[in-house]
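Student: Structure for the following, please:
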Amino acid sequence: MKDGVNGVALAVFIIFFLAVTVMGFLAARWRAAENADNLDEWGLGGRSFGTWITWFLLGGDLYTAYTFVAVPAAIYATGAAGFFAVPYTILVYPLIFTFLPRLWSVSHKHGYVTTSDFVRGRFGSKGLSLAVAITGILATMPYIALQLVGIQAVLDVMGVGGGEDTNWFVKDLPLLIAFGVLAAYTYSSGLRAPALIAFVKDTLIYIVIAVAIIYIPIKLGGFDDIFAKAGHALSQPGPTGAPKGALASGDKQQWGYATLALGSALALFMYPHSITATLSSRSREVIRRNATILPLYSLMLGLLALLGFMAIAAGVKVDNGQLAIPQLFENMFPDWFTGVAFAAIGIGALVPAAIMSIAAANLFTRNIYKDFLRPDATPAQETKVSKLVSLLVKVGALAFVLTMDKTVAINFQLLGGIWILQTFPALVGGLFTRWFHRWALLAGWAVGMLYGTLAAYGVASPTQKHFGGSSDEIPGIGEIGYIGFTAFVLNVAVTVVLTVVLRALKAPDGIDETSPADYTADAGDPGVQADLPPATAGAPGGH
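Tutor: The predicted structure is shown next:
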């Protein structure tokens, strides 16, 4: 590990950071509408993004700085188990091809900005809508925090901020500056800022991975030596006496691996930021095209995961696994390219953090503030509240990072994944059928949330007594599996059984404001734009 500040890497990092900061503020003028004081403009970019902008935006949204750091870090720590991220991102795209175009159509038809808007309109239930909104906000908060963890990992390896004995303000000042810049241009430009910056972020990441996958193996003697050294290191006893990991998952890990991959695939597009990026596109055809080309990111993710084995083979030694890949880059790359790689990770944190804060703010504004506190709020008031809440969300995430251990942040993000999966029946189920009863969906959600939270609370790790992981024994089967998927199965079972009972009792159902034709409507269809706010109708298109 190099001593002191890596001046060259830091200089390159700062140049890129300043460039995207300028882009973030200039984005306010990019495709600007005459009236920007509504959530369609600030929170969804005017619903005007074409195929490639949406592709970069979704890629920047889903493949974050935390992905860049954590996936190979998992390989570095446990071996093959960390590869679960690759099959789950492969599973997710056929899934979203079936339901995201329907969500886009009905949302465009009725002016829905959030998933909770759709749930309220479909089932006529503000209570169910509130449950989905609160779940989305709770699941997003630790996710934003982890983006800041990614930036902090890069700053630590570059030697910025001093050592552990440094005054806390000096140590965290670079992170505070990065946070301030992010907050300012998100407030100013809304979703247009991360959409524009995503071009730079994804280009840098593709360049860094392409170079890393060729350059580092050459320096380490080829993939044969890398796998041999990694296999030897992972076979050594860990703190519990068992091997640290394996190059391939064993029989005992199959249930855990499969349920984690499947549960993660079902959960990924339940996150508010995924839906925000989706609804910003200008047509349902854009969504369908993206479902076919987004798997290119899965190819990148598979190559990215191999960096974990390279870190082992290169002899990287870090106390915090999240630092393994930044440290690998500093050890192996020339200083100037180390700066490029660190900029890719840093910018890779800014894009999703911005989208996540916007998505959480939209949920609060539309489905808590407007539905329960200020039903007569004007579009301009909605936009103002959403901007302010986006700042508060980022402040909360920053406080989370600065006051808690990084392991806690990671495990709370895992808990967020368990929670957000429980919104799947209401959202995806509602896109295809009205059969589920609103009260049954709410009860199923409550059971899934309660079971998932309690089960996760009971999981211990070497560093935590509670919330130490996301896997536990599956009731009735005895195998270790993903808690979120078990909770999801219980959720669906309760929803189905109670729906049958409530239908038999003729319990009052909510009013469905949608019609079958709404789920296949496109932007150019008669009557679609007429239902949207005036600023959205005729919003600029193009790529």
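Student: From here on, just use CA atoms for contacts and neighbour counts.
Tutor: Noted.
Student: Give the rounded mean pLDDT of stretch 395-405.
Tutor: In this model, stretch 395-405 has a mean pLDDT of 80.
Student: can you pull the buried residues of it?
Tutor: Buried positions in stretch 395-405, judged by neighbour count with 16 or more other C-alpha atoms under 10 Å: 395-398, 400-402.
Student: Which ones among the residues you listed lie within helices?
Tutor: Mapping these onto helices (DSSP state H) picks out 395-398, 400-402.
Student: what's residue 415 in contact with, if anything?
Tutor: Going by C-alpha atoms under 8 Å, 6 or more residues apart in numbering, residue 415 touches 139, 453, 456, 467, 470.
Student: From those, pick the one nearest residue 419.
Tutor: Proximity of those to residue 419 (C-alpha to C-alpha) peaks at residue 139, which lies at 6.6 Å.
Student: For burial, what's the neighbour tally of residue 8?
Tutor: When neighbours are counted by other C-alpha atoms under 10 Å, residue 8 registers 16.
Student: circling back to that earlier point, of the contacts of residue 415, closest to residue 365?
Tutor: Nearest to residue 365 out of the contacts of residue 415 is residue 139 (C-alpha to C-alpha; 16.7 Å).
Student: Tell me the predicted confidence for the closest one.
Tutor: In this model, residue 139 is scored at 94, pLDDT.
Student: ok, and the closest non-adjacent residue to it?
Tutor: Residue nearest to residue 139 in three dimensions, not counting chain neighbours: residue 416, with 4.0 Å by C-alpha to C-alpha, 6 or more residues apart in numbering.
Student: gap between the one you found and residue 453?
Tutor: Separation of residue 416 from residue 453 (C-alpha to C-alpha, to the nearest Å) stands at 10 Å.
Student: These two: who's more crowded?
Tutor: Set side by side, residue 416 and residue 453 give different neighbour counts by other C-alpha under 10 Å, the larger being at residue 416 (24 against 20).
Student: Tell me the one of the buried residues of stretch 395-405 nearest residue 145?
Tutor: Of all those, residue 145 sits closest to residue 397, with 4.5 Å by C-alpha to C-alpha.
Student: residue contacts, that closest one?
Tutor: Residue 397 is in contact with 141-142, 144-145, counting by C-alpha under 8 Å, 6+ apart.
Student: Filter these down to the ones in helices?
Tutor: Members of those lying in helices (criterion: DSSP H): 141-142, 144-145.
Student: closest to residue 356 among those residues?
Tutor: residue 144 (6.6 Å).
Student: residues in contact with that closest one?
Tutor: 352-353, 356-357, 394, 397.
Student: again, but for residue 271
Tutor: Residue 271 sits next to 136, 139-140, 420 when contact means C-alpha under 8 Å, 6+ apart.
Student: these two touch, right, residue 107 and residue 118?
Tutor: Yes - in terms of C-alpha atoms under 8 Å, residue 107 counts as a neighbour of residue 118; the distance is 6.8 Å.
Student: Distance-wise, check the one residue sitting closest to the centre of the chain relative to residue 355.
Tutor: Against the mean C-alpha coordinate of the chain, by C-alpha atoms, centre = their mean, the closest residue is residue 62 at 5.0 Å. Separation of residue 62 from residue 355 (C-alpha to C-alpha): 10 Å.
Student: how about the helices of the stretch 251-400 of the chain, start to end?
Tutor: 254-268, 272-279, 284-293, 295-313, 324-332, 335-364, 379-403 (DSSP state H, counting those that start in this stretch).
Student: could you measure the residue nearest to residue 139 against residue 31, distance?
Tutor: From residue 416 to residue 31 the distance is 34 Å (C-alpha to C-alpha).
Student: In TSV: the contacts of residue 415, plus secondary structure and distance to residue 509.
Tutor: Below are the contacts of residue 415 laid out as TSV (DSSP: H, G, I helix; E, B strand; the rest coil; distance: C-alpha to C-alpha, whole Å):
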residue	secondary structure	distance to residue 509
139	helix	29
453	helix	29
456	helix	34
467	coil	38
470	coil	36
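Student: Which one of the residues you listed is nearest to residue 80?
Tutor: Nearest member of the contacts of residue 415 to residue 80, counting by C-alpha to C-alpha, is residue 470, at 17.2 Å.
Student: ok, the closest one touching residue 482?
Tutor: Yes - taking contacts as C-alpha under 8 Å, residue 470 lies within contact range of residue 482: 6.0 Å.
Student: re earlier: which among the contacts of residue 397 end up buried?
Tutor: Buried residues within the contacts of residue 397, defined by neighbour count using 16+ other C-alpha under 10 Å: 141-142, 144-145.
Student: so can I have a markdown table of these showing distance to residue 292?
Tutor: Formatted as a markdown table, the buried ones among the contacts of residue 397 follow (distance: C-alpha to C-alpha, whole Å):
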| residue | distance to residue 292 |
| --- | --- |
| 141 | 30 |
| 142 | 30 |
| 144 | 27 |
| 145 | 30 |
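Student: which SS state does residue 436 fall under?
Tutor: Counting by DSSP: H, G, I helix; E, B strand; the rest coil, the backbone at residue 436 sits in coil.
Student: Is it correct that it is in contact with residue 499?
Tutor: Yes - because the distance of 5.7 Å satisfies C-alpha under 8 Å, residue 436 is recorded as touching residue 499.
Student: how far does stretch 175-192 sit from the chain's center?
Tutor: 18 Å (C-alpha atoms, centre = their mean, to the nearest Å).
Student: Need the CA coordinates for it. CSV is fine.
Tutor: Extracted as CSV, the C-alpha positions of stretch 175-192 are listed here (Å, rounded to 0.1, in the frame of the first residue of the first chain):
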residue,chain,number,x,y,z
LEU,A,175,-16.8,13.5,1.3
LEU,A,176,-18.8,16.5,2.6
ILE,A,177,-17.7,18.5,-0.5
ALA,A,178,-18.7,15.7,-2.8
PHE,A,179,-22.1,15.5,-1.0
GLY,A,180,-22.6,19.3,-1.2
VAL,A,181,-21.9,19.3,-5.0
LEU,A,182,-24.2,16.4,-5.6
ALA,A,183,-27.0,18.0,-3.5
ALA,A,184,-26.7,21.3,-5.3
TYR,A,185,-26.9,20.1,-8.9
THR,A,186,-29.6,17.6,-8.1
TYR,A,187,-31.7,20.4,-6.6
SER,A,188,-31.0,22.6,-9.6
SER,A,189,-31.3,20.2,-12.5
GLY,A,190,-33.4,17.2,-11.3
LEU,A,191,-33.2,14.0,-13.3
ARG,A,192,-31.5,15.7,-16.2
